[in-house]
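Q: Below are the sequence and a predicted model for it; my questions follow.
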Amino acid sequence: MTEYLMPAKYAKLLLKVAQEQGYDVNQLINDAGLSFNPLELHTDEELEVPALTFSRLYRKVSGAMQDEAFGLGTTYKMPPGTFRMLCYCIIHCSSLRKALDRTTEFTAMTYGIRGITIKPEPPYRIAPDGNEATLVYSSASNKFNAEMTSAKQLSVVNSLSLWHRFCSWLIGNNIAVKRVNLMGSPSLNLSGYRYYFDCPIEFDQQENSIVINAQMLDAPLVHTEESLESFLETAPYQLFVIKDEQGSDSIIPRIRALIGYNFTRRIPSFDELAELLNISSRTLRRRLEKEGTSYQKVKDECRRDASIDYLSRPNLTINSVAALMGFDEPSAFHRSFKKWTDMTPGEFRKKNNIQMEEIEEVP
């Protein structure tokens, strides 16, 4: 098993937050199993800690503070267990968009329990051209621009990064981030932010947010309650290593993320894809050849996987799936699906015992 490591300075940040609020950091260090005190590190020291150890420290600090938001909420604490319940509320959503919408409802409800009314607005905005989506991190953390200290900004960046990684985990694909907006001036040199986001970062903004390809909102969730339970046993460990698990050297996950699952929209051309990936068309072609594939093969695999996902939903007719896949004629979808899987859509459903009141098989 690969041992994933994290910069010790992030453990130092967690402990600093706990220390500022009067908690026994030495006890937290011992309980987490750390072999040294990160608070004693000099700023130029580059020690690392195992991701599992950091994950234990993360849980110990949030448990001691009784706040999964680590003091970022300006109205009330997020008691331990809140994130777990949120996960169970969204795990059966059909897409990332619906999961985010339900997250908004969940947040409004938790505020409402405390007698606080907030407007349940989706935590994302779609650009006028429909190509980009901006995921805005909690309104609470967007209120202290005037007092944005180094520790607070890094806490926001950490939380924003975890939210991005959680969304990637939900859909089983690393979501490429186009840029990050942060309130406040830079508190580190840019390399200090690269562990979280390896993309352009804009400072002194009016909100804390990340910008992604809007198509990712329509990607289906791939996990079940069983896989969620496994995830929660060591959370947030899997979020810290998600990029490594998905193959950071492979360009295919990034391409699949850009293509998404919404095939009612136009798929980027090869040259457009290269531009989105910030590489030349020649380099993209060479990297795909090195991985033994091509853009056409990746597109077909995305179409195949999306088709299988949609056909596995008994509430969708085959004609409906064809429309979701961007086919004007169901017969064309029928031919393509057989090419991808050696089965017709009807044969696939019969083999997998997927039944509905009316199945539209196209001859």
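A: Thanks, I have it.
Q: Dump the host helix or strand of residue 98 to CSV, keeping only the CA atoms.
A: Taking DSSP states H and E as the definition, residue 98 sits inside helix 96-113. The C-alpha trace of helix 96-113 is given here as CSV (Å, rounded to 0.1, in the frame of the first residue of the first chain):
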residue,chain,number,x,y,z
LEU,A,96,-23.4,16.6,-8.9
ARG,A,97,-25.8,19.5,-9.6
LYS,A,98,-28.6,17.8,-7.6
ALA,A,99,-26.2,17.0,-4.8
LEU,A,100,-25.2,20.6,-4.6
ASP,A,101,-28.8,21.7,-4.6
ARG,A,102,-29.6,19.3,-1.8
THR,A,103,-26.6,20.6,0.1
THR,A,104,-28.1,24.0,0.0
GLU,A,105,-31.4,22.7,1.4
PHE,A,106,-29.5,20.8,4.1
THR,A,107,-27.6,24.0,5.1
ALA,A,108,-30.8,26.1,5.2
MET,A,109,-32.4,23.4,7.4
THR,A,110,-29.5,23.4,9.9
TYR,A,111,-29.6,27.2,10.1
GLY,A,112,-33.4,27.0,10.5
ILE,A,113,-33.1,24.7,13.5
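Q: Counting neighbours, which bits of that helix end up buried?
A: Of the residues in helix 96-113, 96-104, 106-107, 110-111 count as buried by neighbour count, 16 or more other CB atoms under 10 Å. (Glycine included, C-beta is placed from N, CA and C.)
Q: Stretch 123-134 - what's its average pLDDT?
A: Taken as a whole, stretch 123-134 carries a mean pLDDT of 92.
Q: Of all the residues in it, which ones are buried?
A: Neighbour-count burial for stretch 123-134, counted by 16+ other CB under 10 Å, picks out 123, 124, 125, 132, 133, 134.
Q: same deal with stretch 328-341?
A: For stretch 328-341, burial by neighbour count (16+ other CB under 10 Å) applies to 330, 333, 334, 336, 337, 341.
Q: just stretch 315-324 next, same as before
A: Residues 316, 317, 318, 319, 321, 322, 323, 324 are the ones in stretch 315-324 that count as buried (16+ other CB under 10 Å).
Q: same check, this time on stretch 263-274
A: Of all the residues in stretch 263-274, those buried under the rule 16+ other CB under 10 Å are 263, 267, 268, 273, 274.
Q: ok so, going back, pull up the pairing partners for the following helix or strand past the helix holding residue 98, direction included.
A: Downstream of helix 96-113, the next assigned helix or strand under DSSP H and E is strand 124-126. Here strand 124-126 is paired, per DSSP bridges, with strand 132-136 (antiparallel).
Q: now the angle between helix 96-113 and the partner strand, please.
A: If you take axes from the mean of the first three to the mean of the last three CA atoms, to 10 degrees, strand 132-136 sits at 20 degrees to helix 96-113.
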